[in-house]
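Asker: Dropping a prediction and its sequence here:
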Amino acid sequence: MNLRFTKMHGLGNDFVVIDAVNQSVALSPDQVRWLADRHRGIGCDQLLLVEPASDSAADFRYRIYNADGGEVEQCGNGARCFMRFVHDQGLTDRRALTVQTLGGPIELQLEDDGQVTVDMGPPRLEPAAIPFQAPARASVYPIEVDGQEYRIGALSMGNPHAVLTVEDIERTPVAELGPRIEHHPRFPNRVNVGFMQILASNHIRLRVHERGAGETCACGTGACAAVVAGRLQGRLDERVRVSLPGGDLVISWPGENASVFMTGPAVSVFEGTIPL
Ligand SMILES: N[C@H](CCC[C@H](N)C(=O)O)C(=O)O
């Protein structure tokens, strides 16, 4: 079959987005890895499937696959691209949507300026819900990596995140340290690893080594996780500008048990077909 797809990105975090409402799509992990391959396939950080909802309370279902072929629970930049995609493809004209994901339901709102606001739901802070092996919940956890101790925040936005605070984001060895923490045995499902430099209580810089994709230009759930971790450590305000290599997101978190809100852009680059 010739599979129709759209190439999209959220601040340079790029996606292959597939309409699985009007196409019958069943992809193996090998096929996802091939489609995501930047030399032999289309190339992307994640592949997103747009499907009919299986829950009557939702408008659509949204499935997320990392470039390594693994299906994951949540993707923030992808959620904004989802909203752009379903409008561009004529799948809906509604500006407020409820979308099912493996990590729980999210609420999308298309803003007048074309940006998208996502209610990402509340963070999960208990170690067992992340999952992360720790004796009890804490705002900072010591973790040993290659004989050196680091202090991290750890939480789930539906998907697992570790957040380190660093003095100089440019000089941080993300490529070396990111994979070591991603595969740390205390994270049984692996983990996304954020490196946060706090510029002010309402402004941070962030780089993210993503589980299953490596360092990306931006990570929406990573931006949410960094703000939650920073707030739990008493260092950040309710509303924070998060400056990632690919651009800025605005993240708001009122606090314990409240949803995290993310606002940012979504861009459609080109459409194509590929023989499957
Ligand atoms: N790598 C993530 C999925 C994509 C998240 C990211 N692209 C975002 O915008 O949130 C994981 O394995 O949980």
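Answerer: That came in fine, so what should we check first?
Asker: give me the element residue 225 is part of.
Answerer: Element membership of residue 225 [criterion: DSSP states H and E] is helix 220-232.
Asker: and residue 79, which of the three is it?
Answerer: helix (DSSP: H, G, I helix; E, B strand; the rest coil).
Asker: let's number from 621 now, not from 1
Answerer: All right, first residue 621 from here; so that's residue 699.
Asker: isn't it right up against residue 719?
Answerer: Yes: counting by CB atoms under 8 Å, residue 699 sits close enough to residue 719 to count as a contact (7.0 Å). Every residue, glycine included, has its C-beta placed from N, CA and C.
Asker: Who are the packing partners of the helix holding residue 845?
Answerer: When contacts are defined as 3 or more CB pairs under 8 Å, 6 or more residues apart in numbering; DSSP states H and E, helix 840-852 sits against helix 696-708, strand 768-776, strand 780-785, strand 812-820, strand 823-830, strand 859-864, strand 867-872, strand 881-884.
Asker: sorry, back to before: higher neighbour count, residue 699 and residue 719?
Answerer: The neighbour comparison of residue 699 against residue 719 (other CB atoms under 10 Å) goes to residue 699, with 28 against 21.
Asker: contacting residues for the more buried one?
Answerer: Listed by CB atoms under 8 Å, 6 or more residues apart in numbering, the contact set of residue 699 reads 682, 719, 721, 726, 728, 736, 738, 740, 840.
Asker: any idea which of the residues you listed is closest to the ligand?
Answerer: Within the contacts of residue 699, the smallest distance to the ligand is 3.4 Å, found for residue 840 (CB to the nearest ligand atom).
Asker: since we're on the residue nearest to that closest one when sequence neighbours are not counted, how many residues are nearby?
Answerer: Excluding the flanking residues, the one nearest residue 840 by CB to CB, 6 or more residues apart in numbering is residue 696, at 1.9 Å. Using other CB under 10 Å, residue 696 has 27 neighbouring residues.
Asker: same check, this time on residue 749
Answerer: Counted with other CB under 10 Å, residue 749 comes out at 13.
Asker: Mind pulling up the pLDDT for it?
Answerer: Model confidence at residue 749, given as pLDDT, is 98.
Asker: Now it: closest residue in space, sequence neighbours ignored.
Answerer: residue 776 (5.7 Å).
Asker: sorry, back to before: where neighbours are concerned, which of the contacts of residue 699 has the most?
Answerer: residue 840 (29 neighbours).
Asker: Could you check how far it is from residue 830?
Answerer: Residue 840 sits 11 Å away from residue 830, going by CB to CB, to the nearest Å.
Asker: list the residues that contact both of those two?
Answerer: Common neighbours of residue 840 and residue 830 (CB under 8 Å, 6+ apart) do not exist.
Asker: related to what we said a few turns ago, adding distance to the ligand, write the helices and strands packed on helix 840-852 out as a markdown table.
Answerer: As requested, the helices and strands packed on helix 840-852 are exported to a markdown table (distance: least, CB to the nearest ligand atom, whole Å):
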| stretch | distance to the ligand |
| --- | --- |
| helix 696-708 | 3 |
| strand 768-776 | 9 |
| strand 780-785 | 7 |
| strand 812-820 | 5 |
| strand 823-830 | 4 |
| strand 859-864 | 10 |
| strand 867-872 | 9 |
| strand 881-884 | 9 |
